[in-house]
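Colleague: Generate a structure from the sequence data that follows.
(chains A and B)
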Amino acid sequence: MTAMLELVAQNPFIAALLALVGLGLVFGALLGYAAVKFRTEGNPISEQINAILPQTQCGQCGYPGCRPYAEAIADGEAINRCPPGGEGTIAQLADLLDVEAIPLDAEHGEEKAAASVAFIREDECIGCTKCIQACPVDAILGAAKQMHTVIASECTGCDLCVEPCPVDCIDMISEEVTLQTWHWELPSPTDPLIIASDRDDMSSDKERAA
Amino acid sequence: MRKIYDIHGGIHPLENKHQSLQVSSTPAGIPPQLFYPLSQHIGAPAKAVVSVGQKVLKGELLAAADGFISVPIHASTSGVITAIEPRPVPHPSAMPAPCIVLDSDGLDTWIEHSGVEDYTQLERSALLQLIRDSGIAGMGGAGFPAAVKLGVNPERGRINTLLINGTECEPYITADDILMREQAEAIIAGIHILTHLVEPTEILLGIEDNKPEAIAALRAAAAGTAIDIVVFPTKYPSGGEKQLIEIVTGKQVPSGGLPADIGIVCQNVGTIYAIYRAVTYGEPLISRMTTVTGNAAAHPRNYEVLLGTPMSWLLDLAGYDAKRNQRLMMGGPMMGFTITDPSVPVVKTTNCLLAPTVEELPAPDPAQACIRCGMCAEACPASLLPQQMYWFAQGKEFEKLEAHNLFDCIECGACSYVCPSNIPLVQYYRAAKAEIVQMRNDHAKSEHSRTRFEARQERLDREAAEKEAQRATRKAAAEQRARDAAAGDGVEDPVQAAIARAKAKKAGQAEPAASADPAQAAIEKAKATRAASADLAPEDKARQDLQKLRERAEKSRARLTESREAGAQDKVIEALDASVLKLDEKIATAVAAMADQGWSENPQQAPADPAQAAIERALAKRAAQAAAPALSPREQLQKNLQSVEKSLQKATAKLAEAEQENSDKVEVLQQSVQKLTTKQSQVQAELTALED
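Modeller: As a prediction, this is how the structure comes out:
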């Protein structure tokens, strides 16, 4: 024992080695304990991604719903496959994941200008329930051989009911702007912000809100 | 003298109020056609309750409130409804919106109406309902339903201060000023009504010092009352609700909160006047004071305008010269918006119609780059950082905008007014606010969709699991049946199975040491019986067989009667019938065979079990009865024929019945009739063969 202590005292290299190994063990144990004690349930990143996705559950990304796509993104899938979310969603995802925002992948569809809701032409509906089975959010009401109708407030506009309809009686109607939904637009970015010396060249009677 | 507080920032634009104050107000008269937009207020649009072609009287309800935050709309003159359709409305979007169109008949006939004689006798809720039914929305410009504001939830705290807003800080507008000058007594009476309703501890009326005539009139009318007329220096935008509260009380409304949170309710003088008219005279809100001013109007003045009057009618009255006008605005120069179509109607929030000349209110110069001078921050009455918010709005950094309290911005335009680079700052904030609201709505909707999607997913999983469980149970049951069948004598007949079970049970009882598996036991038992019967003498064997047959016949009969009583399917009864017949036949044959051999039916030794013996005796008796005349084969066949014929008759009758009722059993019955007919002809043939 004494001989060993002497050996350590005389060889700083061994002393350092022992100290480092000891520290490594202590902190390793600490980390191991923390990993078990504070284990996170599920994948928190995919939860955050899922919260950004528009939840239309349309499957245009190639995944069966928004959560699967969120999980795929967490595993490294491209972030530009969500047409309903469009550039806004891509920007938010890029911000969250700290990657470059890339343009929407046209292969999966184009971003629609306005949100739309499904509308069933009720005279033509034969009551086959195919659209009911296709609807990912149970927004279609009806029963076999009874007329079906869409609960507009629940519809996400995912288009999934259009394809299965055997009599093509479902239309996607874009939501119209009403006085209640209208809002001011940001001043057009194409309006050049001039500097004082440019002023003479600009027409002074240009329409502009106060 | 009450202490006056100051607000941060503010500006002093040219007031330009004198033009429209040269003369007193005048009624604008009745235009030939009036338009009532269904949405003239904050909240849900009203719902039309009249139909095209209907004759309405002045003050009649045209559209009812649709929801809590909504107000009804009334006819402002008598006439005929000619259309309910989208028409241009005064709105910054310049979009058409649903309107009720009324062609006036010029008679201006009032609907029967009367005021409340003594409102102090009225319940608080009844008074609120009266205000609600009178269609009163905030007349200061925002148009928030007055009854909602006054009926604020007592849980939010008591209202200590009733604050009346007579500030009217925006340039050009004088509608409130002229109202206070001309209707000071009515306004004071209206305040008394609200005092009764709200029961505040202090009543304040805030007014800027640029309205000396109004102040004098109000002071005279309020003499001897608890109403405190608070006069403070003119500054834009002192008239903003939160700003006014800070000026007269020194308190600040918390960010995102309501004045009610600090025990204050604030109402505009125009609203007070409307409430006074509604309570005292029973008149709904059908007219308002509107200032028509600007240098493009030859006779600027205030008009008592019927709601729904086209603005072009008012402009004509005021001698409007479209050529001199640069643009027409509703509201003042700071917070108003451009009207592109002068045919739009005056609505509940139209306090001013501004027709300035180009020199008077030139178009703003083109925006230049922000030079970060910070003048906007100095001018902001809400103590915000407009310049920071401008950058964030440009970059669409909405989180940061919210962190900078964008939603406390009252859109007063002071920042834009002072901006040396002419940046339309307020427009950025309005757009950003709208986008944030839109995003919140979208997010709420997507959350809603997510929960619905997940609920559906869960339901589908549950259904699949249930189906799987059911399938598993069915599979297990089928396997069990298959095992039972394999273990038994291989006969699927339930009667046989029951017998086998009974045997197994008996075997189990007889040999308690035997294996617990009943099937195994049955097999062993069967083996044992076979072995035993092998050892038996032929006579005893025949006797045993006969007895077994009788037992079976007895059981089948019992089962038959049971099924008949229970009203079992015809098929089952038929099958049982047949099996009973067959067994009887077999018994008869066995008896005949035994008689042939000369064996006695009864064994020499009595069975050990007395009960068994009794049963046997009974069985023997019945068998004897059945077989008493020792049926010849011919008689047997005849009997068979009879019973088949009987069954056939029954089946035919049933079929007829079923056909009459059009029941779905018809097919089954038809089949059984057919079968029976075949059987009958078979027996008949046998009989004929025998007779020959």
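Colleague: okay, CA-based contacts and neighbour counts for the rest of this
Modeller: Will do.
Colleague: Do you have the helices of chain A handy? List them.
Modeller: Remark: helices assigned in chain A by DSSP state H are A:2-10, A:12-37, A:44-52, A:66-74, A:86-97, A:130-134.
Colleague: Give me the helix or strand of the chain that scores worst on average pLDDT.
Modeller: Picking chain A for this. Ranked by mean pLDDT, DSSP states H and E, the helix or strand of chain A with the weakest confidence is helix A:2-10, at a mean of 84.
Colleague: other chain: chain B
Modeller: helix B:518-535 (a mean of 64).
Colleague: picking that back up, just send the helices of chain A back as CSV, with mean neighbour count and distance to chain B too.
Modeller: What follows is those, written out as CSV (neighbours: other Cα atoms under 10 Å in any protein chain shown; distance: least, Cα to the nearest Cα, whole Å):
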stretch, mean neighbour count, distance to chain B
helix A:2-10, 11, 59
helix A:12-37, 12, 30
helix A:44-52, 18, 8
helix A:66-74, 21, 8
helix A:86-97, 18, 10
helix A:130-134, 19, 10
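Colleague: Using TSV, lay out those together with distance to B:Ile100.
Modeller: Formatted as TSV, those follow (distance: least, Cα to Cα, whole Å):
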stretch	distance to B:Ile100
helix A:2-10	100
helix A:12-37	68
helix A:44-52	42
helix A:66-74	45
helix A:86-97	40
helix A:130-134	39
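Colleague: quick one: low-confidence ranges for the stretch 551-692 of chain B?
Modeller: B:567-569, B:598-611, B:613, B:623-632, B:663-664, B:691-692 (pLDDT under 70).
Colleague: which parts of chain B sit against chain A?
Modeller: Taking Cα under 8 Å from any Cα of the partner chain as the criterion, chain B approaches chain A at residues B:91, B:93, B:95, B:97, B:333-334, B:337, B:363-369, B:394, B:413, B:416, B:424, B:427-428, B:430-432, B:434, B:442-443, B:446-447, B:449-450, B:452-453, B:456.
Colleague: where are the low-confidence patches of chain A?
Modeller: Where chain A drops to pLDDT under 70, the residues are A:42, A:189-210.
Colleague: got the domain boundaries for it?
Modeller: If you go by automatic domain parsing, the domain ranges for chain A are A:45-108, A:114-175.
Colleague: Next, B:Cys266: secondary structure please.
Modeller: Assigned by DSSP: H, G, I helix; E, B strand; the rest coil, the conformation of B:Cys266 is strand.
Colleague: dump the residue contacts of B:Gly106.
Modeller: Contacts for B:Gly106 were tallied using Cα atoms under 8 Å, 6 or more residues apart in numbering or on different chains; they are B:Ile30, B:Pro32, B:Thr77, B:Ser78, B:Gly79.
Colleague: ok, back up a step: tabulate the domains of chain A in CSV, adding columns for distance to B:Phe398.
Modeller: Conversion of the domains of chain A to CSV gives the following (distance: least, Cα to Cα, whole Å):
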stretch, distance to B:Phe398
domain A:45-108, 11
domain A:114-175, 21
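Colleague: thinking again about what came up before, what about burial for the contacts of B:Gly106, which qualify?
Modeller: Among these, those scoring as buried are B:Ile30, B:Thr77, B:Ser78, B:Gly79 (criterion: 16 or more other Cα atoms under 10 Å in any protein chain shown).
Colleague: now, which of the residues you listed sits nearest chain A?
Modeller: Among those, B:Thr77 lies closest to chain A (Cα to the nearest Cα), at 26.2 Å.
Colleague: Tell me which helix or strand the closest one sits in.
Modeller: Following DSSP states H and E, there is no helix or strand that holds B:Thr77.
Colleague: shouldn't it be in contact with B:Asp103?
Modeller: No: contact criterion Cα atoms under 8 Å: B:Thr77 and B:Asp103 do not qualify, at 9.2 Å.
Colleague: could you measure the closest residue to B:His8 other than its chain neighbours against chain A, distance?
Modeller: Leaving aside its sequence neighbours, B:His8 sits nearest to B:Pro381 (Cα to Cα, 6 or more residues apart in numbering or on different chains; 5.0 Å). Distance, B:Pro381 to chain A, using Cα to the nearest Cα, to the nearest Å: 18 Å.
Colleague: Pull the contacting residues for B:Pro381.
Modeller: By Cα under 8 Å, 6+ apart, the contact set of B:Pro381 is B:Ile7, B:His8, B:Gly9, B:Gly10, B:Pro237, B:Gln243, B:Ala414.
Colleague: If we only consider the residues you listed, which is nearest to chain A?
Modeller: Lowest distance from chain A to the contacts of B:Pro381 (Cα to the nearest Cα) belongs to B:Ala414, with 10.5 Å.
Colleague: What about the closest one, how many residues nearby?
Modeller: 27 (other Cα atoms under 10 Å in any protein chain shown).
Colleague: right, and it touches B:Gly10 too?
Modeller: Yes: counting by Cα under 8 Å, B:Gly10 is a contact partner of B:Ala414 at 6.6 Å.
Colleague: between the two, what contacts are shared?
Modeller: Between them, B:Ala414 and B:Gly10 share these contacting residues under Cα under 8 Å, 6+ apart: B:Tyr236, B:Pro237, B:Ala379, B:Cys380, B:Pro381.
Colleague: got a list of what the first one touches?
Modeller: Remark: with contacts taken as Cα under 8 Å, 6+ apart, B:Tyr236 is in contact with B:Gly10, B:Ile11, B:His12, B:Pro13, B:Cys169, B:Glu170, B:Ala414.
Colleague: Got phi/psi on the last one?
Modeller: When you say that, I think you mean B:Ala414. Main-chain torsions, B:Ala414, degrees, to the nearest 10: phi -60, psi -40.
Colleague: which ones are touching it?
Modeller: B:Ala414 touches B:Gly10, B:Ile11, B:Tyr236, B:Pro237, B:Met334, B:Cys376, B:Ala379, B:Cys380, B:Pro381, counting by Cα under 8 Å, 6+ apart.
Colleague: ok, now with 10 Å
Modeller: B:9-13, B:236-237, B:334-335, B:375-381, B:425-426 (Cα atoms under 10 Å, 6 or more residues apart in numbering or on different chains).
Colleague: which of the residues you listed are buried?
Modeller: Using 16+ other Cα under 10 Å, the buried ones in the contacts of B:Ala414 are B:9-11, B:13, B:236-237, B:334-335, B:375-381, B:425-426.
Colleague: What values do phi and psi take at the residue nearest to B:Asp105 when sequence neighbours are not counted?
Modeller: Excluding its sequence neighbours, the residue lying closest to B:Asp105 (Cα to Cα, 6+ apart) is B:Gly79, at 4.7 Å. Main-chain torsions, B:Gly79, degrees, to the nearest 10: phi 170, psi -160.
Colleague: From the opening residue of stretch B:2-17 to its closing one, how far?
Modeller: End-to-end span of stretch B:2-17 (Cα to Cα, to the nearest Å): 27 Å.
Colleague: Counting neighbours, what do you get for the residue nearest to A:Ile151 when sequence neighbours are not counted?
Modeller: In space, and not counting its chain neighbours, A:Ile151 is closest to A:Ala139: 5.3 Å by Cα to Cα, 6+ apart. As a burial measure, A:Ala139 scores 20 neighbours (other Cα under 10 Å).
Colleague: do the same with the one 4 residues further on
Modeller: Number of residues near A:Ala143 (other Cα under 10 Å) recorded here: 12.
Colleague: need the longest helix for chain B.
Modeller: Under DSSP H, chain B gives helix B:425-487 as its longest helix.
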